[in-house]
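**Q** I need the structure of the sequence given here:
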Amino acid sequence: MTEATTGTMAALDLEEMARQMRAFQDLTRELDAIIDSSSDGLWICDADAVVIRINPASERINNITAAEVIGKNMHELLDQGFIDRSAALEALTTGKVVSQLQNRQGRKLISTGTPVLDATGKVIRVVVSERDVTEIDNLQRELEEQEALRDQFRSHMLEMQQADLASRSVIARSPLMVNALKQALKVSAVNSTVLILGESGVGKGLIAELIHKNSSRADKPLIEINCGAIPESLIESELFGYEKGAFTGAQVSGKPGYLELADGGILFLDEIAELPQSAQVKLLRFLENGRVVRLGGTKARTLDVRILAATHRNLDQMVKDGTFRLDLYYRLNVIPIHVPALRERRDCILPLVRHYVDLFGTRDSIRKRLTRAASDALLAYDYPGNVRQLMNICERLVVMTETDLIDVKDLPAEIASGSVASTGVGGVWHDEVTLQETLDKVEKAVLEKALATHGNQVRMAEALGVNQSTIARKLKKHGIA
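**A** Residues are numbered from 1 along each chain as shown. As a prediction, the model looks like this:
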């Protein structure tokens, strides 16, 4: 081999070494960039647990500089109290991957020590990764607190609903009302559409709540919409929802309708007769296929919603008049439930009166009782406003009556006048007779009749629902022996 050839080969070897050196330097820079850019902290120790390197993330997490720890042994850092546990030392001791939870300067860290082995299986390095989980822990705590608040809110809402139902007790004494409740409980077990019929104030909403409470959907929402309380221009967007930009004034993000909100539960359409014809068509389509399209949208959503509807109107006549769609009527009128008017279930009147007098009395810490004459007058009244009117009357009597005893004179004029007429005494009010004179006349007649019937003050007081001392005082007032 000539000298020239030898020189050429040496030059080639040097060039190859230089190329490999550049490649090594590039790889080193790349690895350095990866280590330094990691959001997790990294510590590298040798086989004697001496810190060789830490990355910027570790400096930030531990609030230190690399110069403070590089060259120090982990035993030394442990003795100084810088750390309470060392994943590096445990990994060196066990030769296995070790994970620890550490508390450092008020922050929670997860440290994982990973031993690096040579070809013979000997530990030559330990790499410890650190992750600050303080923020994750705080977020978890916040989520738990929010979940607790949500559970508290749900519990509070459930208590309010139960209290509301209790305050509007379903009292059924007449066969008509008992039958309506039996029908409601029976249809609770199925998913059929129900049409609840009855005059205003009879408690159609209460029947809907009863069906929901006893159905398989009881843990899902009962959404109520009064079709007569929403402007005609808004009813479709409220019922079916709308996409963004569907109309002027629409929310930027769009809005789900009541049908979507009731998905999985029940939608109660009160005053269904007030639903505009355009909305009737879309509701009919939903009842047929269970799908709804928001206003301004093209995507159909499939929903699982049971429909309950109610009205005080005569839908048969409305169909004949062309103001309500016949096909929708048939779709809604699958199972009709008629809730009788209060005048049709007089057996319920006095139990309802006593219930609401006690209810409002308890609410306001007032104890009231009714005289027999007042009870008779309330029983004789027809209640055109039904149970809602009866509730209002009871609340007024509890709040406004001067004494603990509610008498005929305390009743609203339309009820008291009916009582006067029913006694047969001064049945017609004359211009020259005041209300107090009329009431005194009635009271005297009642006392005279009670005395003739019962013979003594004790039995009179028991029959009229007052104290014996009250009977004695009133007998003296009217000059009755």
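**Q** helices of the stretch 101-250 of the chain, start to end?
**A** Listed in chain order, the helices of the stretch 101-250 of the chain (DSSP state H, counting those that start in this stretch) span 134-167, 175-188, 204-213, 232-240.
**Q** so what pLDDT did the closest residue in space to Val133 that isn't next to it in sequence get?
**A** Spatially, and ignoring its direct neighbours in sequence, Val133 is nearest to Lys108 (5.1 Å; Cβ to Cβ, 6 or more residues apart in numbering). No exception for glycine: its C-beta is placed from N, CA and C like everyone else's. We note a pLDDT of 78 for Lys108 in this prediction.
**Q** now do Arg154
**A** pLDDT, Arg154: 51.
**Q** Asp316 and Leu176, how far apart?
**A** Separation of Asp316 from Leu176 (Cβ to Cβ, to the nearest Å) stands at 20 Å.
**Q** tally of neighbours for Gly205?
**A** 18 (other Cβ atoms under 10 Å).
**Q** and it, how far is that from Ala310?
**A** For Gly205 relative to Ala310 (Cβ to Cβ), the value is 7 Å.
**Q** which residues are in contact with both of these two?
**A** Residues touching both Gly205 and Ala310 (Cβ atoms under 8 Å, 6 or more residues apart in numbering) are 268, 270.
**Q** how about the strands in this structure?
**A** Secondary structure of the chain (DSSP state E): strands located at 41-46, 51-54, 98-104, 107-117, 123-132, 194-197, 222-226, 266-270, 291-293, 300-302, 306-311, 335-338, 369-370, 405-406.
**Q** quick one: which of these is nearest Ile480?
**A** With Cβ to Cβ as the measure, strand 405-406 is the member of those nearest Ile480 (19.2 Å).
**Q** model confidence over the closest one, on average?
**A** Per-residue pLDDT values over strand 405-406 give a mean of 90.
**Q** give me the distance between that strand and the centre of its chain.
**A** Offset of strand 405-406 from its chain centre (Cα atoms, centre = their mean, to the nearest Å): 40 Å.
**Q** what does stretch 60-72 give?
**A** 53 Å.
**Q** got the end-to-end distance for that stretch?
**A** 19 Å (Cα to Cα, to the nearest Å).
**Q** show me which positions of that stretch end up buried.
**A** The neighbour-count check on stretch 60-72 (16 or more other Cβ atoms under 10 Å) flags 61-62, 69 as buried.
**Q** likewise for stretch 282-291?
**A** So stretch 282-291, judged by 16+ other Cβ under 10 Å, has buried residues 282-284, 286-287.
**Q** just give me the closest of these to Arg29.
**A** Phe286 (65.0 Å).
**Q** ok, that closest one touching Val292?
**A** Yes. If you go by Cβ atoms under 8 Å, Phe286 and Val292 touch, sitting 5.3 Å apart.
**Q** need the overlap of contacts for these two.
**A** 259, 303.
**Q** hmm, Gly41 and Asn55 touching each other?
**A** Yes. Counting by Cβ under 8 Å, Asn55 touches Gly41, with 6.5 Å between them.
**Q** residues near Ala279, how many?
**A** Using other Cβ under 10 Å: Ala279 sits among 20 other residues.
**Q** correction: Glu90
**A** Neighbourhood size, Glu90 [other Cβ under 10 Å]: 19.
**Q** so it makes contact with Gln102?
**A** No. Glu90 is not in contact with Gln102 according to Cβ under 8 Å; the separation is 11.8 Å.
**Q** name the nearest residue to Ser237, sequence neighbours excluded.
**A** Leu295 (5.3 Å).
**Q** quick check: beta-bridge partners of the one you found?
**A** Tyr242 (DSSP bridges).
**Q** quick one: it and His478, what's the gap?
**A** 71 Å.
**Q** the more surrounded of these two?
**A** Shown here are Leu295 and His478; by other Cβ under 10 Å, Leu295 has more neighbours (18 against 13).
**Q** the domain parsing of this structure - what is it?
**A** Domains of the chain are assigned by automatic domain parsing as 35-132, 138-167, 169-340, 344-478.
**Q** list the contacts of the closest residue to Leu89 other than its chain neighbours.
**A** The shortest distance from Leu89 to any residue other than its chain neighbours is 5.3 Å, reached at Met74 (Cβ to Cβ, 6+ apart). Applying Cβ under 8 Å, 6+ apart, one finds that Met74 lies in contact with 45, 49-51, 83, 86, 88-89.
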